[in-house]
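S.K.: coordinates for the following, if possible.
(2 chains)
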Amino acid sequence: MARNIYREFLELCAFEGQELEEMVPVWEKYSKKLGLTEEDIRYSLEVYIPKYWDIQYLGVRKMIGAYIREAIELAKTPEYKEQGVKIVYGILPAIATNYQAVKIAGGDKVFVSFPDLQLVTILNAFFDKVIDDYLETAEETGMTYGCRHCALNKTRIGAAYKGIIPSPDVIWVWGFNCDEGPKTDEYINCLFDEDWNYVVSRIPHDTHAGEVDDENVERVTYIADQLRHGQNAVSEATGIEVLPEHVAQANDDVRRFAFKTGTLTKLVCSGNPQPLSGSALTIFTQPMTVPMNTGFTYIEEALDIMIRECRQAKKEGTGILPKDHPKVGSYFVPFCVPWVDGIFKENGVATTFSTNFAQTKKNLAPPSYDEPYMVTAEFWLRQPVLQNMKYEVVGMIEKVEANKPIDGLLMGFFDFDRWLGAHQKMAAKLIEDATGVPTFYMESDFWEDRDYSPEALRTRIESVCQVVKMRKEMS
Amino acid sequence: MDKKIQSLAEAYKKRPVELKQAKKDGKKVIEYIGHFVPEEMIRAAGAEPYFMCRGGEPEPPDAVLEYMLRFMNPLARSMMGYHLMGLDPVTPMADLIVAQQADCHIGRITELMEFNELPVYKVGVPPDWKKEFAGEYYYKALMKLKAKLEEVTGNEITEEGLKEQVEYSNAINESLRKISDLRKKDNPPIGGYEFIRLNHYSFYTDPKETAGKLEEIYEGLKDAPGKFKEGSPRILLAGHAVAIGDYVVPRMIEENGAMIVSDMLDEGLRWYNWDIPTEGDMMRNIWKTKYLDKVPVNIFQPAWRERFAYIKQLIDENKIDGVVWYQLSFDEIYDMECTCLAKWMKEINMPFLKLESSYEYSREAMGPLATRVESFIEAVKGGM
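M.R.: Reported below is the predicted structural model:
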């Protein structure tokens, strides 16, 4: 009997029973719409996912499955639009809260996603596929290759231009710490799609070095005003009224999820041997910042299973490398180019937490406000990406200290990002001075690897591994 | 004419010496970055302003690379690069560096200044300018700046003081407009290269005297013969900024047989087409002129359609034959706007050339640049 690659792939992703039967033809149909061939899926099933993802764990397989569900949802958007379902997009960096509030309010009448992020995550991290289809299309429209534009924005442009995703009823663009993201939607609107309706929410980065952003009431209030304005604009565009209780519910969901990711991070970082790779940890933590059209059901189930499996692995003393291996934290483990993590592992070093996703005590502290938008605004300002550099570094230092023992901190991988990438060399110096943990800066791209191939980075990664191993042996 | 411009250039060169003396005399020296920081407020506080916008040399942008991503635009990197190289005579004596915060390039560079313990003060400018509460954010930022300047200088900024300084600036604007309008002649007596330099030097001369000096230049020019060959193509120069010292491209355009007769640049040049009203609340007037009345800067959103409409107006008013978009390398938002503009320019059959500079003007870099400029000008001439 001929193999059914689509079925095998879904089985790998922990689909089972009646749902598996129903999803096989669905996956076959919609994976093609995303540009995935049968050969792509075979490669992913047989080579890419087994090589780079910790599929010995059901939790990891379920989490990949949750992303696959989102991929299918995304591929259905043209049909959803024809059926009258309202389409709401967003972009990174953000937190999922307000978008999940739209989903809670609208249910099946609304589709909510960060399409570029989902496409890059799914296609690149699991299929090594995104580049040809989307990035080059965007570059052909005029997002010049040499200017180092962001792959996410290029993917959004490419997907819109090719009609993979339809014009949204509205894309609510958080440009709180991104210039190019919001301007990408103006670009699409000006260049080829006047129906591309967008609303932007922005705030200047004008707090001074070391100022505590989330304790600045004026700043929290301004963000809350922006969120309220954006939420109203979404309601106007979709006809879906988002009530304070929807936002409150979303706040509760995101905070609960964040708390659980904190637990998982702690288990991973304190494990000797480490039970889970840094890339895998990152795909569990990412949904704090990215809404899922399928809600929290599947991702939270995967997370709960993963926490249990990590506890079990810890009890049994099993992990991804032999005991006493060195570990390096990261500004952001580049999970969309999972071979980076793979080369570290090949060299006996594990990547662990991302300073961007690990939680400080303050992140998990109860909110200082009752009003839902103020709660969200404060939570958002407690996230590192929105803070002035020196305050962000305070949090990074806390995370490094909390997740010790750690043998190094990897910075870089955001060369395209004039916000998140620009300050990392300075931050590295401050963290190294404060913690004694050596930092390593690697110029590279978090989302795609056209400019930084495994061949190009291998030597650098190997030398980092040599240094951390030597230091560990000497200590 | 050249001598008069030269005398202003000398004043620019002597400005650091003047500032050193002013410090000795007990005055505060305040550098500022970006036109959303009103120099009139600094002067009204009794301090000496210094506009930080130097560029055009390859080494300063590279000097920050130990601390900074290399894909930042070279003007922002130069702002700190000159200081790190010990080539900035003003920053070490500055009592305050006031920097507008509207985009990531300046945003992160000012953090590098803070990292180096320079006395930075930030003025937030929300790019989503159509929202009333975003506008109020900038207004509040200006009011906070006022308080900061008063604290640093120990002087109150009064309405009268502000009005006086705004009147000086308006007079400078008016003189610059008159000179610029001479460029509307079929064969103007002044081109863009000289006009840009005049504009630059006007930041570093005593504002009480600057308008007068510019008037003298205007008087000398108004009946002077044209300085270009008859029928030279008329060019609009648009983009982010021509920094002080970054004159290679404007000079090259004019040396190759075209004349720059109009401009739309967000930084570097005074916003000389927008006077600040002097009746009523001066802080509100400053705020409104800069934030709401002036054609939006590139980072504002939405902006590009309005900016294109303004460019079309300039094209009509100045009988433009071709548009040169001057872009700094890795300036991602300008790069995106350029794509849209190129499309719209094609729709109106306007020749359009994108030039990009990393401030690398070596012999190897100049060859291709010159070829592109020459070819463009020849093509524009061919279509006239």
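
S.K.: list the contacts of the residue of the stretch 251-400 of chain A at minimum distance from chain B.
M.R.: Going by Cβ to the nearest Cβ, chain B is nearest to A:Met389 of the stretch 251-400 of chain A, at 4.7 Å. Just so you know, the C-beta spots here come from the backbone N, C-alpha and C atoms, and that holds for glycine as well. A:Met389 makes contacts with A:209, A:423, A:426-427, B:108, B:111, B:114-115, as judged by Cβ atoms under 8 Å, 6 or more residues apart in numbering or on different chains.

S.K.: let's see 7 Å
M.R.: A:209, A:423, A:426-427, B:111 (Cβ atoms under 7 Å, 6 or more residues apart in numbering or on different chains).

S.K.: could you do B:Arg54 as well?
M.R.: B:78, B:82, B:243-245.

S.K.: any of the residues you listed buried? List them.
M.R.: Buried members of the contacts of B:Arg54, scored by 16 or more other Cβ atoms under 10 Å in any protein chain shown, are B:78, B:82, B:243-245.

S.K.: and those residues, which is closest to chain A?
M.R.: Of the buried ones among the contacts of B:Arg54, the one sitting nearest to chain A (Cβ to the nearest Cβ) turns out to be B:Ser78, at 15.2 Å.

S.K.: now that closest one, what's its secondary structure?
M.R.: helix (DSSP: H, G, I helix; E, B strand; the rest coil).

S.K.: pretty sure it contacts B:Pro60?
M.R.: Yes. Applying Cβ atoms under 7 Å as the test, B:Ser78 and B:Pro60 come out as touching, 4.3 Å apart.

S.K.: coming back round to it: columns pLDDT and distance to A:Trp447 on top of the buried ones among the contacts of B:Arg54, output as CSV?
M.R.: CSV is the format used below for the buried ones among the contacts of B:Arg54 (pLDDT from 0 to 100; distance: Cβ to Cβ, whole Å):
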residue, pLDDT, distance to A:Trp447
B:Ser78, 98, 29
B:Tyr82, 98, 34
B:Ala243, 98, 32
B:Ile244, 97, 37
B:Gly245, 96, 37
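
S.K.: distance to chain A and secondary structure for the residues you listed - can I get that in CSV?
M.R.: Formatted as CSV, those follow (distance: Cβ to the nearest Cβ, whole Å; DSSP: H, G, I helix; E, B strand; the rest coil):
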residue, distance to chain A, secondary structure
B:Ser78, 15, helix
B:Tyr82, 18, helix
B:Ala243, 18, coil
B:Ile244, 23, strand
B:Gly245, 23, coil
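
S.K.: burial count for residue 359?
M.R.: Answering for chain A, as no chain was given. A:Gln359 has 24 neighbouring residues, counting by other Cβ atoms under 10 Å in any protein chain shown.

S.K.: the chain in question should be chain B.
M.R.: 25.

S.K.: repeat for B:Glu31
M.R.: Neighbours around B:Glu31, by other Cβ under 10 Å: 27.

S.K.: quick check: it vs chain A, distance?
M.R.: 16 Å (Cβ to the nearest Cβ, to the nearest Å).

S.K.: what helix or strand does that residue sit in?
M.R.: strand B:29-33 (DSSP states H and E).

S.K.: tell me the mean pLDDT for the helix or strand just after that strand?
M.R.: Remark: after strand B:29-33, the chain's next helix or strand is helix B:39-44, criterion DSSP H and E. What helix B:39-44 shows for mean pLDDT is 98.

S.K.: helix or strand next in line after helix B:39-44, which one?
M.R.: With DSSP H and E, the next secondary element past helix B:39-44 is strand B:48-51.

S.K.: doesn't B:Val323 make contact with B:Lys354?
M.R.: No. Using Cβ under 7 Å, B:Lys354 makes no contact with B:Val323, being 9.6 Å away.

S.K.: okay, those two: which has more neighbours?
M.R.: Remark: of B:Lys354 and B:Val323, B:Val323 carries more neighbours, 24 against 19, as counted by other Cβ under 10 Å.

S.K.: and the more buried one, what does it touch?
M.R.: B:236, B:238, B:311, B:345, B:350, B:352.

S.K.: report the secondary structure state of the closest residue in space to A:Gly262 that isn't next to it in sequence.
M.R.: Of all residues not flanking A:Gly262 in the chain, A:Gln359 sits nearest, at 4.1 Å (Cβ to Cβ, 6 or more residues apart in numbering or on different chains). Under the three-state scheme (three-state DSSP), A:Gln359 adopts coil.

S.K.: repeat for the one 10 residues further on
M.R.: Per three-state DSSP, the secondary structure class of A:Tyr369 is coil.

S.K.: which residue comes closest to the residue positioned nearest the centre of chain B once chain neighbours are left out?
M.R.: Compute the mean C-alpha point of chain B, and by Cα atoms, centre = their mean the closest residue is B:Gly268, 1.5 Å away. Among residues not flanking B:Gly268 along the chain, B:Ala241 sits closest, at 4.0 Å (Cβ to Cβ, 6+ apart).

S.K.: now the stretch 1-150 of chain A against chain B: closest residue?
M.R.: A:Gly142 (3.0 Å).

S.K.: where's the closest residue to that residue other than its chain neighbours relative to A:Glu186, distance?
M.R.: Spatial nearest neighbour of A:Gly142, chain neighbours left out: B:Thr339 (3.0 Å); criterion: Cβ to Cβ, 6+ apart. B:Thr339 is 11 Å from A:Glu186, where distance means Cβ to Cβ, to the nearest Å.
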